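Trainee: Here is the input, now give the coordinates:
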Amino acid sequence: MAKLLVINSFGPMASTLLSGLVETLGFTNIPIRKLGLHQYLMGELKLDSNHMENRLKQIIQDHSKSGLSGGISVIDRKNQKPKALTDYKKVYSQINDINANNIQDLYFKCRNIYCDAVIYKEIKTNRDWQIELTTDIHRYNHKELYQAYRDNFDEVKMIHLHRPFSGWINSLASQAFTHPELKNRIKFFPHMRYADYKLYEQAVAQMPGMHIEFDELFDTPIEELSNKIAEFLGVPPSTCDLRSAKYDMYGKIIPYEKAFTPFDDKISFIQHKSLKYMENVAETGGIAKLPHNLISWLHYLWSLYSYKRN
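Mentor: From the prediction side, this is the model:
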């Protein structure tokens, strides 16, 4: 029977680390997102729209070129040696010949075609057990979307990730700091990011599933965490030595010590006083109002200037 694990997150919450760990339990973990699954489930896209097929084709073509993918942080990613993840020629005929009877059939066929194209690792996991990484769960009616998952898949489980706002906004800022375009570095408004963060937290709080805090991934002994997840998923515990294993974090294979050592929380991309200010006004809800929204942005700009200067 097909199994689908949906890992919900928004922004930097270590979803790729979790998917790498779940891979050791037999689930197939591949660096592919945004196939439009939620649009299909909510009736925004028809089964015969070819949206998912076209999206899959574009992703495999893009991943067949040398590029940067995955890693423990945006800085780690930029320090990688570019590599290709897939070979488009291996699956050309398959992509152009997908016939699906329903959403689950279409989804699994597309994911498994990507598996056939993978060249950066050998896939030994169960292809009927897939991991879906979402970033937009809060953009939909969460009750209707959850029911649509239940109605369209044989078995679906959800894990909801959480991260304290201060660590989350600091990590998110690191991505903005290193963006190649100036406008993307400047137009980072903490109060708007907090509004989305709050929507996400409100949505997943009302959905069935397992909740995992960011710090749990690093502070809980990995064997204990793995067994806890295996029990939730209803699968046998991992038989591999988890501390000597390597983990696929969205196309980048990383050893245990590096993967399970938090990186972003060790560096104050946003100045400490500025981060404390944002945290305090976020807790009271004042970050969305004048003058705190403007002051938060000025704090961010000062931190950006300090980072670039140093």
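
Trainee: Can you spell out which helices and strands pack onto the helix or strand Met192 falls within?
Mentor: Assigned by DSSP states H and E, Met192 belongs to helix 190-205. Packing partners of helix 190-205 (3 or more CB pairs under 8 Å, 6 or more residues apart in numbering; DSSP states H and E): strand 155-162, helix 165-177, helix 272-284, helix 292-309. Backbone N, C-alpha and C define where each C-beta goes, glycine included.

Trainee: and the first one, which strands flank it?
Mentor: Its sheet considered, strand 155-162 pairs with strand 3-8 (parallel), strand 210-213 (parallel) by DSSP bridges.

Trainee: Identify the residues contacting that strand?
Mentor: The contact list for strand 155-162 (CB atoms under 8 Å, 6 or more residues apart in numbering) reads 1-9, 13-15, 18, 146, 149-150, 201, 204, 207-214, 229, 232-234.

Trainee: May I see the PyMOL selection of the buried members of these?
Mentor: Here is the PyMOL command that selects the buried residues among the contacts of strand 155-162 (16 or more other CB atoms under 10 Å):
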select buried, resi 2+3+4+5+6+7+8+9+13+14+15+18+146+149+204+207+209+210+212+214+229+233
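
Trainee: returning to that earlier point: next, format the strands paired with strand 155-162 as TSV and append mean pLDDT and distance to Arg111.
Mentor: Shown next, in TSV, are the strands paired with strand 155-162 (pLDDT from 0 to 100; distance: least, CB to CB, whole Å):
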stretch	mean pLDDT	distance to Arg111
strand 3-8	98	10
strand 210-213	98	22
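
Trainee: For those strands, could you give me a markdown table that also reports distance to Thr86?
Mentor: Output for the strands paired with strand 155-162, formatted as a markdown table (distance: least, CB to CB, whole Å):
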| stretch | distance to Thr86 |
| --- | --- |
| strand 3-8 | 22 |
| strand 210-213 | 29 |
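
Trainee: could you point out which element follows the helix or strand of the chain with the lowest mean pLDDT?
Mentor: The helix or strand of the chain with the poorest confidence is helix 74-78; it has a mean of 69 (mean pLDDT, DSSP states H and E). With elements assigned by DSSP H and E, the helix or strand that comes after helix 74-78 is helix 92-95.
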